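>>> Model the structure of this input:
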Amino acid sequence: MKQIILVTHGDFAKGILTSVKLVMGETDYIDFVSISAKETIPEITGMIEAKMKNYSRDTITVIISDIAGGSTTRAAMELMDTKKSIYLITGLNLGLLLEIAMLPLCGEEQADRQALKSAVENAKNTMTLVNDLLDANMNQPAESEEL
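Numbers count the residues shown, from 1 in each chain. Purely as a prediction, here's the structure:
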């Protein structure tokens with residue numbers, strides 16, 4: 001079993017979870033922590049820890065934060081040594097979250113790490129500047145022109 005905790009600034013986590021539910025239906029294993037400018041790192045860590053207590057100690061926990069160097073990530077890093085099966089990913093976006101939400105994790109560290117790395121890589125590969133794709137297609141000769 002896995003739990004996913006989204007940790008973001010403002011209402012980003014709440015909004016993206018609404019989008020996930022639109023696509024997947026109810027997702028009781030995904031929760032979120034929204035922070036404002038007033039919380040300290042220890043307070044944010046406590047907020048994340050409170051969400052983790054809703055699950056058994058054996059549950060695989062995937063924490064996804066919004067900004068790599070942000071307070072959300074730094075707070076989550078404080079929990080990395082508290083439990084063996086905590087994975088922290090930064091750069092939350094809908095494609096990444098959907099892939100991880102559907103990802104079967106087995107509890108074997110190497111296999112789970114590889115599955116999560118693949119999900120991150122897949123999410124990275126979907127990011128593109130569409131203008132470049134359109135420009136590339138505009139520069140391709142049409143089939144009738146090649147004849």
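>>> who does the longest strand along the chain pair up with?
Determined from DSSP state E, the single longest strand within the chain is strand 2-9. Sheet pairing of strand 2-9 (DSSP bridges) gives strand 30-35 (parallel), strand 60-65 (parallel).
>>> and Leu103, how many neighbours?
15 (other Cβ atoms under 10 Å). For the C-beta atoms, the positions are set from N, CA and C on the backbone; glycine is no exception.
>>> That one: what's it in contact with?
Each residue near Leu103 by Cβ atoms under 8 Å, 6 or more residues apart in numbering is listed here: Ala115, Leu116, Ala119.
>>> Would you mind checking the average pLDDT for the longest strand of the chain?
If you average the pLDDT over strand 2-9, you get 97.
>>> May I have that strand exported as PDB, CA atoms only?
Extracted in PDB, the C-alpha atoms of strand 2-9 (Å, rounded to 0.1, in the frame of the first residue of the first chain):
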ATOM      1  CA  LYS A   2       1.200   3.600  -0.700                       C
ATOM      2  CA  GLN A   3       0.300   7.000   0.300                       C
ATOM      3  CA  ILE A   4       1.000  10.200  -1.600                       C
ATOM      4  CA  ILE A   5       1.400  13.500   0.200                       C
ATOM      5  CA  LEU A   6       1.500  16.700  -1.900                       C
ATOM      6  CA  VAL A   7       3.300  19.600  -0.300                       C
ATOM      7  CA  THR A   8       3.000  22.900  -2.000                       C
ATOM      8  CA  HIS A   9       2.800  26.700  -1.600                       C
END
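>>> Just give me the neighbour total for Ile35.
A count of nearby residues for Ile35, using other Cβ under 10 Å, gives 22.
>>> if I read this right, it contacts Thr72, doesn't it?
Yes - if you go by Cβ atoms under 8 Å, Ile35 and Thr72 touch, sitting 6.4 Å apart.
>>> joint contacts of those two?
Shared contacts of Ile35 and Thr72 (Cβ under 8 Å, 6+ apart): Val7, Thr8, His9, Ile44.
>>> For these, pick the one with the most neighbours.
Val7 (30 neighbours).
>>> do you know how far it is from Gln110?
Distance of Val7 to Gln110, computed by Cβ to Cβ, to the nearest Å: 25 Å.
>>> Which of the contacts of Leu103 fall in helices?
Among those, the members found in helices (DSSP state H) are Ala115, Leu116, Ala119.
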